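[1] quick one, what's the 3D model for this:
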Amino acid sequence: MSIERIILGFAGIMILLSLLLCLIHSPYWLWFTAFVGANLLQAAFTGFCPVAIVLKALGLKPGPAFEKK
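    Got it, this is the predicted structure:
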């Protein structure tokens, strides 16, 4: 599995978790959903993703989106 697929899965889990916490606990958890979305958006334009750095350090294989040029 490539870093990109792991990141997409991780982001999806974080968004769904924050939405669940919003329903169960507090609507302030929607700020976390917005944070995840903003990070996805900035990563799309800059190619910088902190999770990708950690996964690459753990030895996972990057796909074309997060290869260092």
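[2] for the residue most central in space within the chain, give its distance to S18.
    Residue closest to the average C-alpha location in the chain (C-alpha atoms, centre = their mean): A11, at 3.7 Å. Shown here: A11 relative to S18, a distance of 11 Å by C-beta to C-beta, to the nearest Å. C-beta: built from backbone N, CA, C; applies to glycine.
[3] also G59?
    G59 is 29 Å from S18, by C-beta to C-beta.
[4] the two: which is more packed in?
    In terms of neighbours (other C-beta atoms under 10 Å), S18 is the more surrounded of G59 and S18; the figures are 18 against 6.
[5] what residues are shared contacts of A11 and S18?
    V36 (C-beta atoms under 8 Å, 6 or more residues apart in numbering).
[6] please enumerate the helices of the chain.
    All helices of the chain, identified by DSSP state H, fall at 3-24, 30-46, 50-57.
[7] among those, which comes closest to P64?
    helix 3-24 (8.1 Å; C-beta to C-beta).
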